[in-house]
Structure formats: C-alpha cells, structure tokens
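**Student:** Coordinates for the following, if possible.
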Amino acid sequence: MLGLTIALICGLLALGSCGALADTEPFCLLKDPPNQCGGFCLSVLTPVLNHLTISQDQRTPSDPKKANEVLLRQYTMEKQLTALQEKQTTFETSLENQQKSLDNSHVNLTERVDDLESQLSALQETLFRVETKIKYLGFEQVGSKYLYIERITEKNWASASKYCRNMGAHLADIKDQEELSAIQAGLKKDTHYWLGISDLGHKDEFLSMATGKPAPFLKWATVRPTRLDSSNCVFLYNGEMYDYPCKYSFHFICQKEEENE
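**Tutor:** Numbers count the residues shown, from 1 in each chain. As a prediction, the model looks like this:
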C-alpha cells in the first residue's frame, strides 16, 4: 500500500514538473522521464517519507510482541503499585486501631489499678478497725485512751493491777480535768474505783504506775479520809481522789494508750 502511494506521488510530481516547465520551455528537464523519475521523486519525497516513518514508529513499535510485553509489564506494575498502596492504607488503619486499642487498654488498666488501690485502702482500714476492736476488746475509747472499767468484780490494788497487766494494760491515771470529767461520766455514782497512782515508794510522792513519773493530774477530795502510813493507793469516788490502804477491794479502771500505727 505504501509502495503504490509512493509511485503515484512520483508520477504526479514528474508530470507536474514537466507540465510546469512546458509553459516556459519547449522541452522537459527530464530527458528520460521513465528512468530518471525514480531518483528525482526519491530526492523530493525523502523528507516526507522520513516524517511518515517516524510518526508510524512512534505510534506502533517495530516489534508488536515486545510492545505487548511492555504494556503487560506496565499494567502489572500498576496493579502491584495499587495493591501496595491498598496494603499501606490497610496497615496504617490497622496501626491506628491498635493505637486506639492500646490507649483504651491503658486507660482501663489505670482505672482498674486506681480501683484496686481504693479497695486495698478500704480493706486495710477495715482490717485496722477489726484489729483495734480485737486488741481493745472490752475497752472503750475516752480521748486518746482505751479504758476498761470493771463494774462487777472488786479486787485489792495489787490484784487489780495484775488483772490489768494480764490484759496488756495498767491501772489508769488521769491527765487533766477534761479527761476526769469524761471518765466520771461513765462511772457509777457513790462507787470506788482504784487508779494506777500510789506513793508506795516515798510517802506523799504519788507516781503514775504507767510511767513511774509524778502523776500528771491529782484532784484530792476536800476532806481526805486518812493520812496514815498505810494509805498509799489512790481511788476515785464521785469525781474526787482519795488515798487509802491498798488491801481493800474496790472496782478498778484499766487503761491502754492508743498506739500510733
């Protein structure tokens, strides 16, 4: 098809050239048109043919099989690239979801730890109260002291002191008027109660049995019953203190100080 087109163009050019020259000259430049036209036409058509060849080569590769392979590879690479992009997007989404899950887990874990700590604190407080109740079983709190008031049995001063020691306590002393008033409010009226105060070491030097130091507070009755040498132990009666022979049996008061945990 291309050869026929070239031949036709060559013929037209030859005739045109001779015709154009015929108007000005009596003879054609081509003395032998049939033989010379090929070379003439070739020299004229070479730029046109080159252009057509280049355009055709640009449109269609010289080897169709290789062209198909290139297109197939390009298509395959595009599909792989698209798949990789989709995988990247899926991976990023998965990472975001995992991060959110980790954040939620961290928040939940923190909340659970705080809740467990609160429960532990509550249990420790409950345990402390239970231990305190067991430790001071039978005692009642008055200020910073725990007191056991014996309201039924009467004992002499030494036996009462021993009874308190067996309970992990000692006969009570009193630190001030406020504490005396609080204790007296729980005592039976017109009843004697031994205290942990005596001058068994030196006459009229009344010491606290708990500390071995001078009694922190003394409130003697207006009229003390006796000042005999045998009146060495102190009892409480209707909010006032008396010294009396230790051999007599009275009710008594034991005390425990609250320990700082």
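**Student:** Confirm that residue 79 sits in a strand.
**Tutor:** No - secondary structure of residue 79 (DSSP: H, G, I helix; E, B strand; the rest coil): helix, not part of a strand.
**Student:** Now do it: how many residues are near it, please.
**Tutor:** Residue 79 has 10 neighbours, counted by other Cβ atoms under 10 Å. No exception for glycine: its C-beta is placed from N, CA and C like everyone else's.
**Student:** which SS state does residue 255 fall under?
**Tutor:** Assigned with three-state DSSP, residue 255 falls in the strand class.
**Student:** ok, now how distant is it from residue 98?
**Tutor:** According to Cβ to Cβ, to the nearest Å, residue 255 and residue 98 sit 64 Å apart.
**Student:** more neighbours, the two?
**Tutor:** Applying other Cβ under 10 Å to residue 255 and residue 98 shows that residue 255 carries more neighbours, namely 23 against 10.
**Student:** and the residue nearest to the more buried one when sequence neighbours are not counted, how far is that from residue 142?
**Tutor:** Of all residues not flanking residue 255 in the chain, residue 172 sits nearest, at 3.8 Å (Cβ to Cβ, 6 or more residues apart in numbering). Distance of residue 172 to residue 142, computed by Cβ to Cβ: 9 Å.
**Student:** Name the residues contacting each of the two.
**Tutor:** Both residue 172 and residue 142 are contacted by residue 183, under the criterion Cβ atoms under 8 Å, 6 or more residues apart in numbering.
**Student:** Relative to the lengthiest strand in the chain, what are the paired strands and their orientations?
**Tutor:** Criterion DSSP state E: the longest strand present in the chain is strand 145-155. Taking DSSP bridges as the criterion, strand 145-155 sits next to strand 140-142 (antiparallel), strand 250-257 (antiparallel) in its sheet.
**Student:** could these be laid out in a markdown table, adding distance to residue 119 and mean pLDDT?
**Tutor:** Putting the strands paired with strand 145-155 into a markdown table (distance: least, Cβ to Cβ, whole Å; pLDDT from 0 to 100) gives the following:
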| stretch | distance to residue 119 | mean pLDDT |
| --- | --- | --- |
| strand 140-142 | 27 | 87 |
| strand 250-257 | 30 | 93 |
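**Student:** Which one of these lies nearest to residue 82?
**Tutor:** With Cβ to Cβ as the measure, strand 140-142 is the member of these nearest residue 82 (80.6 Å).
**Student:** Tell me the buried residues in that closest one?
**Tutor:** By neighbour count on 16 or more other Cβ atoms under 10 Å, the buried set for strand 140-142 is residue 142.
**Student:** Equivalent analysis for stretch 166-186, please.
**Tutor:** 169, 170, 171, 172, 173, 174, 179, 180, 183, 184.
**Student:** Setting the sequence-adjacent residues aside, check what's closest to residue 253.
**Tutor:** Leaving aside its chain neighbours, residue 253 sits nearest to residue 172 (4.3 Å; criterion: Cβ to Cβ, 6+ apart).
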